[in-house]
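Participant: My questions are about this predicted structure, shown below with the sequence.
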Amino acid sequence: MLVSLAIRDIVLIDHAVLDWSGGFTALTGETGAGKSVLLDALSLATGQRGDVGLVRQGCAQGEVSACFEIASSHCVQTTLIEAGLTESPVTDIILRRIQNKDGRSRAFCNDKPISVALLRQIGSQLVEIHGQHESQALTDAGTQRDLLDAFGALAGDVKKTGAAYQQWQAAQAALAQAQADLADTTADKDYLTHALAELADLAPEVGEEIKLAQTRELLMNAEKITAELNEISQHLSDEGGGDNAISAALRRLEQVASKAGTALDGVITAIDKMLIETQEARAVLNEAAATIIHDPERLQKVEQRLFALRDMARKHNTNCDDLASLMGELQSRLAGIEGDTRNITALEAAQNKAEAAYAKTAQALSKARHKAAITLDKRVAAELPPLKLNGGKFHTQIDSVAPEAGGIYGLDKVQFEAATNKGVTPAPIAKIASGGELARFMLALKVVVLEGAQHSTLIFDEVDAGVGGAVAEAVGVRLHNLASNNAQVLVVTHAPQVAARADQHYLVSKTSSQTAFSLLPDNERLQEIARMLSGASITAEAVAAAKRLLEAKVGS
């Protein structure tokens, strides 16, 4: 339970320390005194969203500390151990939050820094706050579903269903993306098939273009080249030509050599070699001239092949030597398209499997909800007469939706139906209940849902709004009974009948610059309840009525 709450520099609170006992505590005060600020401070300490507006004017930061006593079996012990905040169960938890004026905030648990998210997780296991406007939230289908799930302890089933739904959605998205990709690439399939057929027919080779270009150049100039070669050969063989001149020179050297001993042997050898090489060159020249033939038909074929290669290269915006590798790339793309088709088959199977898993999980959740709804309806019905809803009826209607219309919460549409008068058919609670009746239905639901929970502290902010007299007294009795059932209940109230049922009573007052909290002794409590009955001018009749309310609490 909440043992103490220390507040510093929050709104109009300079510094306040409130000590709490178990049971039922009422917080009262005139409108605008700052009762809800106390709840804002506690919300801050338990990890709810911070607000720079909470920091007292002129201060750099505000701070709230909440101290709780907890049992060793409390579910929060597991959270603390898993978060590494303790190695064994603890008896006390101090949650602290510092809110800076610049928007930053820091969180602590037993003086160890923690994230705000972890603070919120711990706080949610210790405190349940029922706000001023939560009764109106009872008209929301999501709130109704959440209350049913909380009563049935179905959080694990809901989480499992949500995970299955997300897996199904992921499988659907993967399939849709693959189908879209395939639609884009299918248009390329015909192009790829045709392009590969053209390239296969052409069968390009690396280096082929250069060879063809050289051959074409040779064939185009064959006649001119042959004529030149023949003329050169003629020059070499004519009288006075190259080889004849060398032969004559060699003969003259040989004649002179007989008179020179060995001095001219090297020259004779060199010229003899020259003669042989010249004769060989003329033979090669004649052979080349014989092989270079003017062949218009061959030239045409070479040009056709060369131009076909170049046309294909231009078509694919590449060069001739890359056409061979281009074939490999196009074959890979075509194989990828065929692979995508096979992949879609696998993705369809995965999507169907995920959908079936979601449907199975959601149906199990739905079955558990129907079972919980039967018990919830009986328990809420038992709470209505004590809250002066004697003719009231309550029914949980669960309708199924199609799998494609489902979501992370399953396939159920949960709707609370009620009737406030005997003999009236239950209808959606939002359509039949007044503000005061709605608040009492919400209280009945909260009592039923929270009785089995491990929250050590339950807080109600003006749960009695819109009711008075005997109805308010009935609300007070029910809150007192709830507190008697091993729960700590804190209630912000304007109803004297509710405040009179409390075990502990705090008065909230405000000056122009400060909010103060006073734990009322019995005599001052009598005066406060009398004020709540009559207003600023407390009459003897109001004091007598207040005394009767307090005596009724003692005698209950």
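Facilitator: Okay, I see it.

Participant: Now for this protein, the helix or strand with the poorest mean pLDDT.
Facilitator: Counting by mean pLDDT, DSSP states H and E, the weakest-scoring helix or strand in the chain turns out to be helix 134-137, with a mean of 61.

Participant: Doesn't residue 398 belong to a strand?
Facilitator: Yes. With DSSP: H, G, I helix; E, B strand; the rest coil as the criterion, residue 398 is assigned to a strand.

Participant: pretty sure it contacts residue 411?
Facilitator: No. When contacts are counted by C-beta atoms under 8 Å, residue 398 is not listed as touching residue 411 (9.9 Å). Using the backbone N, CA and C atoms, a C-beta is placed for each residue, glycine as well.

Participant: what residues are shared contacts of these two?
Facilitator: residue 366 (C-beta atoms under 8 Å, 6 or more residues apart in numbering).

Participant: Name the spans of the stretch 151-300 of the chain whose pLDDT lies under the cut-off.
Facilitator: Applying pLDDT under 70 to the stretch 151-300 of the chain picks out residues 187, 233-244, 248-249, 258-262, 288-290.

Participant: For it, which segments count as strands?
Facilitator: Taking DSSP state E, counting those that start in this stretch, the stretch 151-300 of the chain contains no strands at all.

Participant: Got phi/psi on residue 393?
Facilitator: phi -130, psi 150 (degrees, to the nearest 10).

Participant: thinking it is in contact with residue 380, fair?
Facilitator: No. The criterion here is C-beta under 8 Å, and residue 393 misses it with residue 380 at 9.5 Å.

Participant: gap between residue 540 and residue 356?
Facilitator: 75 Å (C-beta to C-beta, to the nearest Å).

Participant: what residue lies at the spatial centre of the chain?
Facilitator: Per C-alpha atoms, centre = their mean, the C-alpha nearest to the average position across the chain is that of residue 166, at 10.5 Å.

Participant: List the contacts of it.
Facilitator: residue 408.

Participant: if you average pLDDT over the longest helix along the chain, what comes out?
Facilitator: For the chain, the helix with the greatest residue count under DSSP state H is helix 323-383. The pLDDT scores in helix 323-383 average 89.

Participant: can you pull the contacts of the nearest residue to residue 522 once chain neighbours are set aside?
Facilitator: The shortest distance from residue 522 to any non-neighbouring residue, by C-beta to C-beta, 6 or more residues apart in numbering, is to residue 550 (8.0 Å). By C-beta under 8 Å, 6+ apart, residue 550 lies in contact with 500, 522, 525-526, 529.

Participant: most neighbours, which of those residues?
Facilitator: When neighbours are taken as other C-beta atoms under 10 Å, the top entry among these is residue 500 (30 neighbours).

Participant: Show the pLDDT at it.
Facilitator: pLDDT, read off for residue 500, is 93.

Participant: List the residues that contact it.
Facilitator: By C-beta under 8 Å, 6+ apart, residue 500 lies in contact with 476, 529, 546, 549-550, 552-553.

Participant: try 7 Å this time
Facilitator: With contacts defined as C-beta atoms under 7 Å, 6 or more residues apart in numbering, the neighbours of residue 500 are 476, 529, 549-550, 553.

Participant: Now do it against residue 375, distance only.
Facilitator: 33 Å.

Participant: Also residue 269?
Facilitator: 126 Å.

Participant: what about those two, which has more around it?
Facilitator: The neighbour comparison of residue 269 against residue 375 (other C-beta under 10 Å) goes to residue 375, with 13 against 10.

Participant: Could you double-check that residue 108 lies in contact with residue 114?
Facilitator: Yes. Contact between residue 108 and residue 114 holds when scored by C-beta atoms under 7 Å: they sit 6.5 Å apart.

Participant: ok, the two, which is more surrounded?
Facilitator: Neighbour count, other C-beta under 10 Å: between residue 108 and residue 114, residue 114 has more, with 20 against 16.

Participant: just checking, that one touches residue 105?
Facilitator: No. Counting by C-beta under 7 Å, residue 114 does not reach residue 105; the two are 11.7 Å apart.

Participant: quick revisit: who has more neighbours, residue 398 and residue 411?
Facilitator: residue 411 (23 against 16).

Participant: Run a quick neighbour tally on residue 521.
Facilitator: 9.

Participant: Ok, residue 35 next?
Facilitator: Residues contacting residue 35 under the criterion other C-beta under 10 Å number 23.

Participant: Can you tell me how far it is from residue 493?
Facilitator: Taken as C-beta to C-beta, the span from residue 35 to residue 493 is 9 Å.

Participant: swap in residue 301?
Facilitator: 107 Å.

Participant: check contacts around residue 2.
Facilitator: 20, 66, 68, 457, 488.

Participant: Quick one, which of the residues you listed are buried?
Facilitator: Among the contacts of residue 2, those scoring as buried are 20, 66, 68, 457, 488 (criterion: 16 or more other C-beta atoms under 10 Å).

Participant: Kindly confirm my reading that residue 17 is in a strand.
Facilitator: Yes. Assessed by three-state DSSP, residue 17 belongs to a strand.

Participant: Spit out the contact partners of it.
Facilitator: Contacts of residue 17 by C-beta under 7 Å, 6+ apart are 4, 6.

Participant: ok, what's across the strand from it?
Facilitator: residue 6 (DSSP bridges).

Participant: can you tell me which two in the buried ones among the contacts of residue 2 are farthest apart?
Facilitator: Using C-beta to C-beta, these span at most 12.3 Å, a distance reached by 66 and 488.

Participant: Not counting stretch 382-401 itself, show me its contacts.
Facilitator: By C-beta under 7 Å, 6+ apart, the list of residues contacting stretch 382-401 reads 148, 366, 369-370, 373, 376-377, 380-381, 411-422, 426, 437, 440, 443-444, 447-448, 470-471, 474-475, 477-478.

Participant: Could you pull out the buried residues of that stretch?
Facilitator: Going by neighbour count (16+ other C-beta under 10 Å), the buried part of stretch 382-401 is 383-384, 386-389, 392-396, 398.

Participant: can you list those in TSV and add distance to residue 226?
Facilitator: What follows is those, written out as TSV (distance: C-beta to C-beta, whole Å):
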residue	distance to residue 226
383	119
384	120
386	125
387	122
388	126
389	121
392	120
393	118
394	114
395	112
396	107
398	102
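
Participant: low-scoring stretches of the stretch 351-500 of the chain, by residue?
Facilitator: Along the stretch 351-500 of the chain, segments meeting pLDDT under 70 span 433-436, 451-456, 465-466.

Participant: what ranges do the helices span in the stretch 151-300 of the chain?
Facilitator: 155-202, 208-220, 222-237, 242-260, 265-291, 296-315 (DSSP state H, counting those that start in this stretch).

Participant: and of those helices, who's closest to residue 352?
Facilitator: Comparing the helices of the stretch 151-300 of the chain by C-beta to C-beta, helix 155-202 comes nearest, at 8.5 Å.

Participant: Next, the angle helix 296-315 makes with that closest one.
Facilitator: With axes from the mean of the first three to the mean of the last three C-alpha atoms, to 10 degrees applied, the angle from helix 155-202 to helix 296-315 works out at 160 degrees.

Participant: tilt between helix 155-202 and helix 323-383?
Facilitator: Comparing the axes of helix 155-202 and helix 323-383 via the same axes, to 10 degrees yields an angle of 160 degrees.

Participant: low pLDDT regions in the stretch 1-150 of the chain?
Facilitator: 33, 131-138.

Participant: what about the strands in it?
Facilitator: Ranges of strands within the stretch 1-150 of the chain are 2-10, 13-19, 24-28, 61-69, 92-100, 105-109, 112-114, 127-130, based on DSSP E, counting those that start in this stretch.
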